[in-house]
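Asks: return a 3D structure for these sequence lines:
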Amino acid sequence: MARFPGAEVIGLDTSPAMLESAQRRLPDLAFAQADAATWIPERAPDLIYANAVLQWLPDHPLLLPRLFGLLAPGGVLAVQMPDNLAEPSHRLMRETAGAGPWAGAIGDPVVAGRLGRMLEPAAYYDLLAPHAAEVDVWRTAYHHRMDDAGAIVRWVSATGLRPFLDPLAPDEEAGFLAAYQARIAEAYLPRSDGRRLLAFPRVFLVARKAP
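Replies: Purely as a prediction, here's the structure:
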């Protein structure tokens, strides 16, 4: 807001608790409860910015063009999405989910793990290029230094692990986390300094509408 003092900024989320937290931290901004899959703005926005949001939603071949179509002329759709469902951190979530007494509570690990929602980077280009003046798409893998296997588990506990943990009773959750951490310790071996490196790929896309 300091850079664009005249801008109207609206933050969206489906969670009332998240919206309440955001409003406390950013009291000068406006927030509304809405689903990005069905949201229709009152006025065509100049920018739609989705940071680590759209990977939670299905039907990207419909979702991305729909959001792009909401923009004002010259508007920009800017998206960042974690693309780590094939990484050991997330593959081992699914393996652990299907290999213990908690399996029945979790259900299908593929569904819980959102497998199949993300597209290849080039597919996002193909979705938007016919409608856009410019499209940039790139994929970058960040390597996060983690103290140990437990640190990796804590890193993903608030995001990727949530669909696996939410259905579990406390004793089931403790058992799941112990089994998952044992697998993580085997997959992410200590480096030369004793720490572990967590590879975390992300997909970025920026598409601009013609004026």
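Asks: drop to CA atoms for contacts and neighbour counts, all remaining ones
Replies: Fine.
Asks: most centrally placed residue in this structure?
Replies: Nearest residue to the geometric centre of the chain (CA atoms, centre = their mean): residue 52, 3.6 Å.
Asks: that one - nearest residue in space that isn't next to it in sequence?
Replies: Distances taken as CA to CA, 6 or more residues apart in numbering put residue 81 closest to residue 52, at 4.7 Å, once the chain neighbours are dropped.
Asks: give me the secondary structure label for the one you found.
Replies: strand (DSSP: H, G, I helix; E, B strand; the rest coil).
Asks: for it, give its distance to residue 49.
Replies: 11 Å (CA to CA, to the nearest Å).
Asks: in a helix, residue 104, correct?
Replies: Yes: looking at residue 104 with three-state DSSP, it is inside a helix.
Asks: what is the nearest residue to residue 51 once chain neighbours are set aside paired to in the beta sheet?
Replies: Once flanking residues are discounted, residue 51 sits nearest to residue 80: 4.9 Å by CA to CA, 6+ apart. On the basis of DSSP bridges, residue 80 is bridged to residue 51, residue 204.
Asks: returning to that earlier point: now the residue nearest to the centre of the chain: phi and psi?
Replies: Per-residue torsions, residue 52: phi 60, psi 50 (degrees, to the nearest 10).
Asks: residue contacts, it?
Replies: By CA atoms under 8 Å, 6 or more residues apart in numbering, residue 52 lies in contact with 79, 80, 81, 82.
Asks: I'd say the third one and residue 57 touch.
Replies: Read that as residue 81. No: taking contacts as CA atoms under 8 Å, residue 81 lies outside contact range of residue 57: 10.9 Å.
Asks: neighbour count winner among these two?
Replies: A count of neighbours by other CA atoms under 10 Å puts residue 81 above the other of residue 81 and residue 57, at 19 against 14.
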